[in-house]
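Participant: A structural model of the following input is requested.
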Amino acid sequence: MHKEYVMGNEAIALGALAAGVNVVAGYPGTPSTEVLETIAKRRGETTYVEWSVNEKAAMELAAGAAYSGARALVTMKQVGLNVASDPLMSLEYVGVKGGLVILVADDPGPISSQTEQDTRHFAAFSKVPCFDPSSAEEAYRMIQEAFYLSEEYGTPVFLRPTTRVCHGYASLEVKDPEEYVVHTPEGFVKDSKRWVIFPRLSYANHQKIVARDETLEEVFSGYPGNTIRTFGEKSGIRLGVAASGISYAYAVEALEKMELSCQVQLLKVSTPYPFPKQKALRFLMDCEQVLCLEELDPVVEDGLIHLAGRYSLSTEILGKHSHATAVAGENTRDSVEAWLRTFVGIPAGASDATAVTEEPKQPDLPVRPPVLCAGCPHRASFYAVKQAMKGRKTIFCGDIGCYTLGNAMPLDMVDTCLCMGAGVNIAQGVGRVEPDTICFAFVGDSTFFASAITGVVNAVYNQANMTLIILDNSTTAMTGHQPHPGTGHTMMGEIVAKVNMEQVLRGIGVKTVETVNPLCYTEAVETVARVAEEPGVKAIIFKYPCIAMASDQAKHLREVGPASILSEKCIQCKKCIRELGCPALILKDGKVAIDETLCTGCGLCKQICPTGAIIGGDTPVSFGKADNTSEGMNETPEVSVIQEEKPRLGDDPRKEGGFRNA
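Facilitator: Numbering: from 1, shown residues only. Prediction:
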């Protein structure tokens, strides 16, 4: 064992490696991304890692590995679970042989998501056991316990950390690599009565699942992660606090500081499904009032209310339903302490250890709205489409990614955004209702592979009239530059053939596919104006790498240096600022200036300056017509040498003990 100072996601990754995980698959999404990335960096020779094209593919791959007796981990964020739900719902009815842990990171706030979806509901819905860690230390331990539980009961298991657990840091004891479990998969054993799902099998297994969950209610009541702690001295009203996840850590910190005039019992619920009923019932029977602290939905609260009603207890249960705590958003240390103060009757100025000392009022933080980076090719792409369609009746259907920021003024180029890949089909729906609307769908290169291809197939098959805009910046930029099928490399470090988007589109049946450098402003505008007039489904690929990448083109821009303004030519029309919204274009002493610390020299602003007052920066290079021909698109992709073959997963025949002995 040794100590490391790690992020919560890193702790989860190290826990999975310590448990002998054989196969890891996922799709990047904040706040879960670093789990898979850490495993990729620190894995041994017997662990396979991949970024799958989407969460459904990752779930199915992990299921196949678990069918073969491997220990498998699949990672995603809460909205990604929606994509993976189809195989998940059936998978619980089939079961697994090797341990399968499904890491789903929830995002209270939400900080970087479309929804505040609570995975604990999905656990009950899919009948999959769920662990809810309250700290990085607990997450490290829990994922190892989850693998044991999964194998002992033949079920996938959720691990559901939230943002502050995922991204918080802690110093913890972790195993040395030589202490890691070496898990040897048995391999797939053919048995159609087990692995082929049929109605009769589902009916029989449903009954087994219900019986198993009743057993797990008892097992979890004795699980060390579900505890009852006592604070204060016994007198007067008997109060209780029930907490889960990071809210438990906040509650402990607050209660330890308070000078309580009564006794408060704190129930920690680490396994929200199946609910530890016996433990919770003992807690309720000893309390007159209970305050529930949890993110996001009243899952623990509902569990306690159900028990109180079932056993005719008079315990008053407070929480989200009674508006004693917030019904949305993430909890904080301060908000939890404030709710606890109200609950135990300590006013906010009381002379106890928690009393807040008078401090000077801190200035408000500056407003920092999210914005496309200086030099981002997406800005040039949006601006080209906007100029080409000026005065026309249009709709611009957006998607999930950096380019969602195209909704901000002055671009104002995202009219809709629902979920990954949805914009392609939303554009078709609007076009059916309003045939006179010119419909555009914007999608990133990673999202194209993840979930937009089927929308394009639907458009071609049903003869829609729309223009697909693929914003190809050669990476999955929003979540930290992960590879995808179009990048030519994998998470295992292998160099592979790129999946050619032009060829894919032509294979689907899209006849017009053109690739343009969006920083070539005049050519980009002309291409959009021309292609949009064609009937049916057509596509434009705006291709230029993310400015934050260490690519040759991005490096070239950095070497070119920033642009500058000729004051004698600048007429202060401010067109560059008003129309582009680039953070490098600023006002200094009331005049247009360029922030040299931000400018990447992309050259877009100098191309739209009406007086030629902006100089320097780059002169963008056109791809040329040859790149837009079908012959050019059908060239065989170059494939480099693959890394040397990895050894087979596992080389130690020893078997692991059951969950109860973990």
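
Participant: going forward, measure contacts and count neighbours with C-alpha atoms only.
Facilitator: Will do.

Participant: helix, strand, or coil at the nearest residue to residue 329 once chain neighbours are set aside?
Facilitator: Distances taken as Cα to Cα, 6 or more residues apart in numbering put residue 109 closest to residue 329, at 4.2 Å, once the chain neighbours are dropped. The three-state assignment at residue 109 reads coil, by DSSP: H, G, I helix; E, B strand; the rest coil.

Participant: and the residue lying farthest from the centre of the chain, what helix or strand is that in?
Facilitator: Here the chain reaches farthest from its C-alpha mean at residue 568, the gap being 48.9 Å by Cα atoms, centre = their mean. Under DSSP states H and E, no helix or strand contains residue 568.

Participant: so residue 22 touches residue 48, yeah?
Facilitator: Yes: with contact defined as Cα atoms under 8 Å, residue 22 counts as touching residue 48 (6.2 Å).

Participant: so the two - more neighbours on which side?
Facilitator: More neighbours surround residue 22 than the other of residue 22 and residue 48, with 31 against 20 (other Cα atoms under 10 Å).

Participant: list the buried ones in stretch 215-222?
Facilitator: Under the neighbour-count criterion of 16 or more other Cα atoms under 10 Å, stretch 215-222 has 216-218, 220-221 buried.

Participant: do the same with stretch 244-259
Facilitator: 244-252, 254-255, 258-259.

Participant: from those residues, which land in helices?
Facilitator: Of the buried residues of stretch 244-259, the ones assigned to helices by DSSP state H are 246-252, 254-255.

Participant: include distance to residue 267 and pLDDT when you put these into JSON lines, please.
Facilitator: Shown next, in JSON lines, are these (distance: Cα to Cα, whole Å; pLDDT from 0 to 100):
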{"residue": "246", "distance to residue 267": "13", "pLDDT": "95"}
{"residue": "247", "distance to residue 267": "12", "pLDDT": "95"}
{"residue": "248", "distance to residue 267": "9", "pLDDT": "96"}
{"residue": "249", "distance to residue 267": "12", "pLDDT": "95"}
{"residue": "250", "distance to residue 267": "13", "pLDDT": "95"}
{"residue": "251", "distance to residue 267": "10", "pLDDT": "96"}
{"residue": "252", "distance to residue 267": "11", "pLDDT": "96"}
{"residue": "254", "distance to residue 267": "15", "pLDDT": "94"}
{"residue": "255", "distance to residue 267": "13", "pLDDT": "94"}
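
Participant: what does the model give residue 477 for pLDDT?
Facilitator: As predicted, residue 477 sits at a pLDDT of 82.

Participant: wait, residue 616
Facilitator: Here the pLDDT value assigned to residue 616 is 88.

Participant: what's the span of stretch 102-117, first residue to last?
Facilitator: 16 Å (Cα to Cα, to the nearest Å).

Participant: burial measure for residue 25, as a count.
Facilitator: Neighbourhood size, residue 25 [other Cα under 10 Å]: 27.

Participant: beyond the helix or strand where it lies, next helix or strand please.
Facilitator: Following DSSP H and E, the helix or strand that holds residue 25 is strand 23-26. Toward the C-terminus, strand 23-26 is succeeded by helix 33-42 as the next helix or strand (DSSP H and E).

Participant: which pLDDT does the model give the residue farthest from the centre of the chain?
Facilitator: We have a pLDDT of 92 for residue 568.

Participant: list the residues that contact it.
Facilitator: Neighbouring residues of residue 568 by Cα atoms under 8 Å, 6 or more residues apart in numbering: residue 613.

Participant: on that earlier part again, the strand holding residue 25 packs against which elements?
Facilitator: Judged by 3 or more Cα pairs under 8 Å, 6 or more residues apart in numbering; DSSP states H and E, strand 23-26 is in contact with helix 33-42, strand 48-51, helix 55-67, strand 72-77.
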